[in-house]
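Asks: please work out how this folds:
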Amino acid sequence: MRHKPVVKLSRSLGLPLTEKAVRHYERRPFPPGVHGQRRVTMTPYKERLREKQRLRFQYHVSEKQLRAAFAAAARGSGRTGHTLIEDLECRLDATVWRSGLAKTIYQARQFVSHGHIHVNGERVDRPGQRLQPGDVVSVAPRSREMSLFRLVAQGPDPATDPPPYLEVYRRQLTVVADRRPQRTEIPVVCDEQLVVEYYAR
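Replies: Reported below is the predicted structural model:
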C-alpha cells in the first residue's frame, strides 16, 4: 500500500502518525505545499473524509480493508463506530505495535509479513488476522536474535504501560490477548461517528 511520506501525511491529516513525525508536525502544524497555511473552508463532507483518513492511516490499512471492517461492524449489535475501532485494534499488527514489540504500525506490519511473528505457536504472515481472547503472540524462535528484538527484550521498560487488554512479557517477547479491547481504552485519535456518517452516506 503506497502513500505519501509519513511526515507529509501527518501534516495533511493534522495528526502525527509516528514519534518521528511529532517534531516535524509541531514545527509546521499545517498541510504541506505552498498553500498549506491558507485557511480552507471545512465542509461536512471534507470533515468526514478527513476523519476516515485519520482512522485509516493510524492503522495503516487500505480503503478496501477499512470498508470491509465497517461493513462487519455495521452488522453487529453494538455502536458501529466503537465496534469498528475495537475490531481494528484486534488486528495482529496493531497488537504487535501496542505491545511494544514494534515501534510503529509500519514496523509491526513488516514484522508480521516477513514471518517474524507467531500466534499460538504457528507462523502467521497476515497482518490483518484478528486475535481472539487467549491468543498468544510471540516472536519466532529464529528471529529472537535480531537486534531489534534483542533491544525489546533487554532494554528498559517503555515509558508507557501496555494497554489493559494485553499481557506483555517483554523478556520472553510474548504477548497474550487477555480480552477484547474497549473503545475507551484504545489510544486512537478519531471521531468515529464522523467515520460512520462517511460510510453511511
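Asks: so what's residue 120 closest to, chain neighbours aside?
Replies: residue 136 (5.5 Å; CB to CB, 6 or more residues apart in numbering). C-beta coordinates here come from the backbone N, C-alpha and C atoms, glycine included.
Asks: low pLDDT regions in this protein?
Replies: For the chain, the stretches flagged by pLDDT under 70 are 1-4, 6-7, 10-11, 15-40, 156-160.
Asks: show me where it has its helices.
Replies: 6-13, 19-27, 44-58, 63-74, 80-89, 92-98, 105-113, 147-154, 192-200 (DSSP state H).
Asks: now do the buried residues in the fourth one.
Replies: Burial within helix 63-74, assessed by neighbour count using 16 or more other CB atoms under 10 Å, is assigned to 65-66, 69-70, 73.
Asks: same list (those residues) but as JSON lines, adding distance to residue 13.
Replies: Putting these into JSON lines (distance: CB to CB, whole Å) gives the following:
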{"residue": "65", "distance to residue 13": "18"}
{"residue": "66", "distance to residue 13": "14"}
{"residue": "69", "distance to residue 13": "19"}
{"residue": "70", "distance to residue 13": "18"}
{"residue": "73", "distance to residue 13": "22"}
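Asks: now for these: which two are most distant?
Replies: 65 and 73 (12.6 Å; CB to CB).
Asks: hang on, the earlier thing: tell me the most buried of the helices of the chain?
Replies: Most buried of those, by mean neighbour count (mean count of other CB atoms under 10 Å): helix 92-98, with a mean of 24.
Asks: what's in contact with it?
Replies: With contacts defined as CB atoms under 8 Å, 6 or more residues apart in numbering, helix 92-98 is touched by 59-60, 88-89, 102-105, 107-109, 111-112, 117, 119, 124, 126-131, 137, 162-163, 166, 175, 177.
Asks: before we move on, back to that, so which of the buried residues of helix 63-74 is the closest to residue 50?
Replies: The closest of the buried residues of helix 63-74, once distances to residue 50 are taken by CB to CB, is residue 66, at 13.9 Å.
Asks: if I look at the nearest residue to that closest one once chain neighbours are set aside, how far off is residue 168?
Replies: Among residues not flanking residue 66 along the chain, residue 56 sits closest, at 5.0 Å (CB to CB, 6+ apart). Separation of residue 56 from residue 168 (CB to CB, to the nearest Å): 26 Å.
Asks: domains in the protein, by residue range?
Replies: 6-88+188-200, 91-180 (automatic domain parsing).
Asks: quick one, what contacts the spatially most central residue of the chain?
Replies: Note on the chain: the residue nearest the mean C-alpha position is residue 59, at 3.2 Å, using CA atoms, centre = their mean. With contact set as CB under 8 Å, 6+ apart, residue 59 has these partners: 66, 88, 91, 94, 105.
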